[in-house]
Structures are given as structure tokens and as C-alpha cells.
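Asker: Here's my sequence, what's the structure:
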Amino acid sequence: MSRTYKATGINLKSMALGESDRLLTILTREFGLVRAVAPGSRKHNSSLSGRSGLFVVNELLIAKGRSLDKITQAETQESYPGLNQDLGKLAASQYLAEITLYQALSEQPQEELFCLLSEHLSRLEKLPKNQPRLAIAHLSHAVFHLLALAGIAPQVQSCCLSGISLTPDFSNSQWQVGFSAAAGGIVSLTALEQVQREGRNISPKFAPVSTIAAPDRANSDGNHQNRTTLQPRRVAEHGQSYQTIVHRQEAPMLISRIDSQELATLQQLSQAELKQLQALTTDTTTDVNWIFIEQILRQYAQYHFGRPIRSAALIDNYFALPTSTNDDTTV
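Answerer: This is a model prediction of the structure:
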């Protein structure tokens with residue numbers, strides 16, 4: 001096997017190594033996540049200095065090592081300098097990079113994930129400076145897309161408990177639905193109340209320890225059939241028994257309750273193209289609404305990835321707004 005390989009990758013994480021090196025975590029199209037040393041890249045006169053920056057896309061020649069691979073050559077294909085010129089854009093980009101690291105695989109092609117992240121970084125960079133609403137809206141859209149690619153996007157069109165389609169009722173200012181990470185998305189409060197009432201009821205179902213086929217016998221029509229007997233008792237002639245399995249349905253924990261406007265925004269995010277997203281950043285959806293949307297998507301992602309999104313603290317500091325107060329419980 002060759003000791004060197006070529007890859008196209010975007011730098012997602014960087015840490016100092018030794019006196020002048022950097023250890024990069026790179027998302028590549030061809031091999032997924034790769035950790036490689038950029039030798040001498042912390043020196044100002046190094047050819048790898050600028051190429052080892054965050055969110056720089058390089059054509060790489062990498063040499064395999066015993067413990068760590070080493071970048072021997074890099075040619076920059078794309079960079080996003082505009083991300084470093086606006087705190088909101090930079091915070092959103094680091095947030096997306098962290099989610100990408102959680103779902104990316106090593107030693108496997110990651111073409112779709114690479115292209116999706118690159119597309120959303122490009123969209124963020126092109127936003128006007130100092131536009132918090134646009135930054136948080138594009139971040140929320142990107143998070144939804146990344147969750148969808150991972151196969152864990154929240155269900156926002158119908159109730160996760162009943163399967164009934166839910167349409168926002170703008171005529172009722174008190175109308176709300178629940179949002180639950182455990183359930184997988186939105187839940188009707190009516191369905192939730194029913195589960196809470198009936199959740200402790202026991203619904204027994206019988207499952208065999210081993211399946212017993214009864215002897216072949218004729219039915220009333222004279223035809224022979226092989227029947228399987230499932231009974232919650234010991235069958236003496238076979239010396240085998242059946243086990244009663246009890247299923248309990250418990251009410252899912254809610255991240256929060258959401259109103260008509262917030263549900264409508266989530267539903268549009270699940271299918272919005274970029275042009276439609278621009279319409280969502282009008283006065284209809286306020287900055288507070290967008291921050292709330294990001295927060296529930298964040299908690300949903302953390303629940304399903306099983307890890308905190310640490311860079312989200314930068315988003316909280318950037319907007320400097322308190323966490324929503326209408327939470328039932330926090331996952």
C-alpha cells in the first residue's frame with residue numbers, strides 16, 4: 001500500500017503540537033475525518049501557515065505515519081475569509097464544525113457531508129455583516145440540514161405520538177404544541193395528556209420463549225394446517241413455557257412548548273431553500289424567535305449525539321439574551 005495519499009479536505013479543528021507544528025482534524029471527501037500534522041505551520045514563513053487555518057479547503061498530499069499522518073503538500077482551493085470578519089458568522093461556523101465532527105466518520109468517503117458543510121459556510125460568509133437575525137436563521141437552517149443528513153432530523157410536520165398532521169393555528173394566541181427530543185420532534189399536547197393518563201396502564205403481550213408448533217390436524221373443512229399456540233402457561237407435553245412481556249408507554253420529556261409562529265418556522269426550515277429562508281428573516285419572525293428555534297434544535301442535537309455543543313456558548317454570548325423561560329424541562 002502506498003505510504004502517501006491525496007485528499008481534498010476542509011480544516012475543522014486545530015491544536016498546537018510541539019514547538020511549531022499544528023495537529024489538524026480535517027474532513028475529507030475521500031477518507032472522512034483525518035488527523036494529520038502540519039509541520040512548521042505555526043512559523044510565519046511556513047508555506048502551511050495560512051493553509052492550516054480553520055475552514056480552509058486544501059488539496060492535500062499526506063504521508064502515513066505510525067501514529068499520526070503528516071501533510072507534505074497543500075494547495076488551497078477555497079477559504080472563507082469573511083467568516084473571521086464577523087463574530088456572529090464565526091460563532092455559527094464553529095458551531096457547524098462541531099456538529100460535523102460529531103457525525104463524520106473516519107476511513108469512509110464523506111462526499112455529502114463535505115459538500116453540505118461547504119455550502120452552508122459559503123452562505124454564512126456571503127451574509128451582510130452585523131446581521132444577527134440572518135446569522136441565527138442560517139445557522140438553524142444548516143443545523144436542520146446536518147441533522148437530516150445524519151438521519152435524525154426532528155419530525156415537525158406531524159405529531160410523533162399520534163401521527164396526526166399538525167398545522168399552526170394563528171387564530172388562537174394560546175395554541176401550542178410540545179417539542180420533545182426523546183419522542184423525535186413535535187407532539188400534540190392532547191396526545192401527550194392521553195399518554196400521561198394511560199402511560200402507567202399495563203398492556204401485556206405474550207411472546208414465546210421458544211415457538212411451539214401444534215401437531216398437524218384437520219380443521220372443520222377437512223384441510224390440514226400447522227398452528228402455532230401462544231399461551232402464557234407451561235405446556236406439559238412439550239416441557240416449554242411462554243413468557244409475559246409487559247410494555248409500558250411513558251410520556252416523553254418535553255424540551256419546550258412552541259407556539260404557532262415557531263412551529264411554522266420549523267416546518268419551513270425542514271423544506272426551505274435559500275430563497276424561502278430569506279423570507280423567514282422578515283419582521284414576522286423576531287430575533288428572540290430565532291434564538292429560541294436555535295436553542296431547541298441545539299438541545300435536540302445534543303440529546304441525539306449524546307454530547308454537548310460547546311461552541312454554542314459563543315452564540316449565547318454573541319446574542320447576550322437569556323434562555324427561553326417557557327421550557328417545561330431541559331433535557
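Asker: Let's verify Cys108: helix, strand, or coil?
Answerer: No, residue 108 isn't Cys; it's Gln. Classification of Gln108 using DSSP: H, G, I helix; E, B strand; the rest coil returns coil.
Asker: Skip the chain neighbours and tell me the closest residue to it.
Answerer: Gly32 (4.7 Å; C-beta to C-beta, 6 or more residues apart in numbering). Bear in mind the C-beta positions are built from the backbone N, C-alpha and C, glycine included.
Asker: ok, how many other residues are close to that neighbour?
Answerer: When neighbours are counted by other C-beta atoms under 10 Å, Gly32 registers 20.
Asker: ok, now which ones touch it?
Answerer: Ala104, Leu105, Ser106, Glu107, Gln108, Pro109, Gln110 (C-beta atoms under 8 Å, 6 or more residues apart in numbering).
Asker: mind checking pLDDT for it?
Answerer: We have a pLDDT of 96 for Gly32.
Asker: partners of it in the sheet?
Answerer: Assessed by DSSP bridges, Gly32 has beta-bridge partners Thr28, Ser106.
Asker: where's it relative to Asn45, distance?
Answerer: Gly32 is 32 Å from Asn45, where distance means C-beta to C-beta, to the nearest Å.
Asker: quick one, what contacts Ile186?
Answerer: Residues in contact with Ile186 (C-beta under 8 Å, 6+ apart) are 154-156, 158-160, 166, 177-180, 258, 263, 266.
Asker: Swap in 10 Å and give it another go.
Answerer: For Ile186, the contact set (C-beta atoms under 10 Å, 6 or more residues apart in numbering) comprises 154-161, 166, 177-180, 258, 263, 266-267.
Asker: go on, Pro168?
Answerer: 175-177, 258-267.
Asker: Mind doing that once more with 6 Å?
Answerer: Residues counted as contacts of Pro168 (C-beta atoms under 6 Å, 6 or more residues apart in numbering) are Ser260, Leu263, Ala264.
Asker: now those: which count as buried?
Answerer: Buried residues within the contacts of Pro168, counting neighbours by 16 or more other C-beta atoms under 10 Å: Ser260, Leu263, Ala264.
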